Structure formats: structure tokens, C-alpha cells
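Peer 1: Return atomic coordinates for the entry below.
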Amino acid sequence: MRSKHRKTLARVCEKPAPADIRWADVEAMLRACGVEVVERSGSRVGLMKGGERIVVHRPHPAPTTGRATVRDVAAFLRTVGIQP
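Peer 2: Numbering: from 1, shown residues only. Below is the predicted model:
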């Protein structure tokens, strides 16, 4: 995992959840952590690792990820054992 991915992981796990993380950075960090990112219909994106799955919404038209999505991604990462 590159240092940029580690920094994004640390930002995603911050409390309170930041609202200025670009979705492209979150997606790159997830892939670097071994999370499978699957395109679903519309703006939905499935995240899978091991037996755990979650569906989140890709932000649009703005490139920044909302706080609720950041919290959901952080909870998913904790569930699959990925910590900053």
C-alpha cells in the first residue's frame, strides 16, 4: 500500500468523518487494501472482502464523498479487519 493510500485510510477512519475526501482516492485505497469494488446499477458500488459485503453510492456530480458514505466505508473496513 502506498503512502497516499495509508493517508486516505487514516482520513476515512477519522471521527468525525470528513466530508472532503475524493471518491477516486477512496476507491484506490480500497483496491490497495484488497477490497473488491464492483460496479452496480446507477451510482451504486458494491464492496466485497472475504464474506462481508456492503453497497454504497458513488458521489455525483461532485467528486467528494459524503460523510455518511465515509462512515459506512470506515465501518466496513473495521468489520473486515483493516485498521489505519
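
Peer 1: which residues of this protein fall in strands?
Peer 2: For the chain, applying DSSP state E gives strands covering 21-22, 36-39, 44-49, 52-57, 64-65.

Peer 1: Going by neighbour count, list what's buried in the fourth one.
Peer 2: If you call a residue buried by 16 or more other C-beta atoms under 10 Å, then strand 52-57 has these buried ones: 54, 56, 57. Every C-beta, even on glycine, is put in place using the N, C-alpha and C of the backbone.

Peer 1: can you list these in CSV and add pLDDT and distance to residue 73?
Peer 2: Formatted as CSV, the buried residues of strand 52-57 follow (pLDDT from 0 to 100; distance: C-beta to C-beta, whole Å):
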residue, pLDDT, distance to residue 73
54, 97, 8
56, 96, 6
57, 94, 11
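
Peer 1: quick one: which of these is nearest to residue 37?
Peer 2: Relative to residue 37, the closest of the buried residues of strand 52-57 is residue 56; by C-beta to C-beta it sits at 9.9 Å.

Peer 1: Please tell me I have it right and the closest one contacts residue 47.
Peer 2: Yes - with contact defined as C-beta atoms under 8 Å, residue 56 counts as touching residue 47 (6.6 Å).
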